[in-house]
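> Below is the sequence, then the predicted model.
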Amino acid sequence: MISFLKRPYAKFTIAALLILGLILFNYSKRNSHNALEVPPILVKVATVNPQQVSTFFSTIGTIKALQGTSVSATVAGKIASIQFSSGQSVGQGQILFTLENEDLASVVRLDESQYVYDQTQYQRYAKLGPLGAVSQSSIDLQKSSMQKSKAQLDQDTALLNKTIITAPFSGTLGVVQISIGQYVTEGQSIVALQDNSTLFVDFYIPERIRDVVKVGDSIRAQSKQSQVYHWEGTVEATDPSMDNDARNILVRAKIKPPYDNLVPGMYVDVSTPLSSNKATLVISQQAVLYNPYGDSVFVYDKGKVMQRPVVLGERVNTDIVVLSGLKAGEQIVVSGQQKLFSGMSVDIAKDK
């Protein structure tokens, strides 16, 4: 090694190796720095500005009839006659069907005869009493017999009437579900009866808008069948109590006629206005990060973003109302926020 250093070209060789090593070191350092350097994420931002908007609450409602029931027999027996047809309109008290009741009818006729006899006897005794022909105890006994026979007549007549089923109210009948000779049990459903002279829509509102939706407010119902149908209505009542589990309140609105294409039990889309042309902050729904523990957005300021919780209101087309958490003039990220975190540096993407 010493002999090598004494050679004339040894110093030049060592110097060249040192220079080459320095160049390689600087090149490696620069490349490693570039490999670790991550370019800023490109995002799109929008300025939060107040807008004049009309906000609505939308939900699903159920159509209800003024009255509706399933007509059934209150006693068991065989069908003797059917005096209605499917889809028929009937009046209150109209006979729909009867059960076999010949034995009960015979009992009622015997009761009537007994009652007439006891009544006649009592009236005769009552006339003879003042003349001293009969005692007062005999009069009282005959009066008691008359009252008992009348009570028996009323009881058996009530049983006979239960075999004659009538419409409890005026309305439209559904599909016949019985036939003559069929045995029906007590409480068995025979035919549906609906009074569709007035229709309502029932829907639920959340607790937070309880003070906004009031009796007399207008609503709009919509159904998408073979065509799109619309109906107007007015809030008629709200439940005085709240569902403990869902924290919702039942609301009933009266639908304005005509009721074409409306059927009790069907679902409709219901919307009711919450405000009209009120200046409020509205942002794009794309800017919102929805989470079970709370909604948030990324606010852009001086090249960095910060995640901020917000309280949201109703949707307005593709936008949504902001109730709190943002101020007018602030900028929020509306695209590219999926990979962001608070304090991260970003670049604003230029519109093409």
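That came through fine.

> All the strands of the stretch 151-300 of the chain, in order from the start?
Assigned by DSSP state E, counting those that start in this stretch, the stretch 151-300 of the chain shows strands spanning 164-166, 171-173, 183-184, 189-206, 218-224, 228-238, 248-255, 267-284, 296-301.

> Quick one, grab the pLDDT at Ala287.
At Ala287, the pLDDT value in this model is 90.

> Pretty sure it sits against Val297.
Yes. Under the criterion of Cβ atoms under 8 Å, Ala287 lies in contact with Val297, with a separation of 5.1 Å. Yep, even glycine has a C-beta here, placed from its N, CA and C like the rest.

> so Tyr115, which of the three states?
Look at Tyr115: counting by DSSP: H, G, I helix; E, B strand; the rest coil, its state is helix.

> what's the distance between it and Leu160?
15 Å (Cβ to Cβ, to the nearest Å).

> One more: Gly294?
Distance, Gly294 to Leu160, by Cβ to Cβ: 68 Å.

> If you count surrounding residues, which of those two has more?
Taking neighbours as other Cβ atoms under 10 Å, Gly294 and Leu160 compare with Leu160 leading, 18 against 12.

> Now do the same contact list for that one.
Residues in contact with Leu160 (Cβ atoms under 8 Å, 6 or more residues apart in numbering) are 101, 104-105, 107-108.

> if we go to 7 Å?
Applying Cβ atoms under 7 Å, 6 or more residues apart in numbering to Leu160 gives the contacts 101, 104-105, 108.

> Secondary structure element holding the residue nearest to it when sequence neighbours are not counted?
Excluding the flanking residues, the one nearest Leu160 by Cβ to Cβ, 6 or more residues apart in numbering is Leu104, at 4.5 Å. In this structure, Leu104 sits in helix 102-128 according to DSSP states H and E.

> what packs against that helix?
In terms of contacts (3 or more Cβ pairs under 7 Å, 6 or more residues apart in numbering; DSSP states H and E), helix 102-128 is packed against helix 136-161.

> how close does Ser335 sit to Ile165?
Going from Ser335 to Ile165 by Cβ to Cβ gives 67 Å.

> Which one's more surrounded, those two?
Neighbour totals were compared for Ser335 and Ile165, and Ile165 leads with 23 against 14 (other Cβ under 10 Å).

> Can you give me the distance of that one to Thr120?
Distance from Ile165 to Thr120, by Cβ to Cβ: 35 Å.

> before we move on, what about Ser189?
Using Cβ to Cβ, we find Ser189 at a distance of 46 Å from Thr120.

> Next: Gly233.
Distance of Gly233 to Thr120, given as Cβ to Cβ: 62 Å.

> check contacts around Ile164.
Ile164 sits next to 95, 98 when contact means Cβ under 7 Å, 6+ apart.

> try it again with 8 Å
Residues near Ile164 by Cβ under 8 Å, 6+ apart: 95, 98-99, 101.

> Restricted to strands, list those.
Mapping these onto strands (DSSP state E) picks out 95, 98-99.

> one step back: shared neighbours, Ala287 and Val297?
Common contact partners of Ala287 and Val297 (Cβ under 8 Å, 6+ apart): 332-333, 337.

> and which of these is nearest to Gly91?
Lowest distance from Gly91 to the shared contacts of Ala287 and Val297 (Cβ to Cβ) belongs to Ile332, with 63.8 Å.

> and Ser241, what pLDDT?
pLDDT, Ser241: 87.

> What strand or helix carries the spatially closest residue to Phe200 that is not a sequence neighbour?
Using Cβ to Cβ, 6+ apart and skipping the chain neighbours, the partner closest in space to Phe200 is Lys64 (4.5 Å). Under DSSP H and E, the secondary-structure element containing Lys64 is strand 50-72.

> tell me what the next helix or strand after that strand is packed against?
Note on strand 50-72: by DSSP H and E, the next helix or strand toward the C-terminus is strand 77-82. Secondary-structure packing of strand 77-82 (3 or more Cβ pairs under 8 Å, 6 or more residues apart in numbering; DSSP states H and E): strand 95-99, strand 183-184.

> Just send those back as a markdown table, with mean pLDDT too.
Below are these laid out as a markdown table (pLDDT from 0 to 100):
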| stretch | mean pLDDT |
| --- | --- |
| strand 95-99 | 94 |
| strand 183-184 | 94 |
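
> Many thanks, have a good one.
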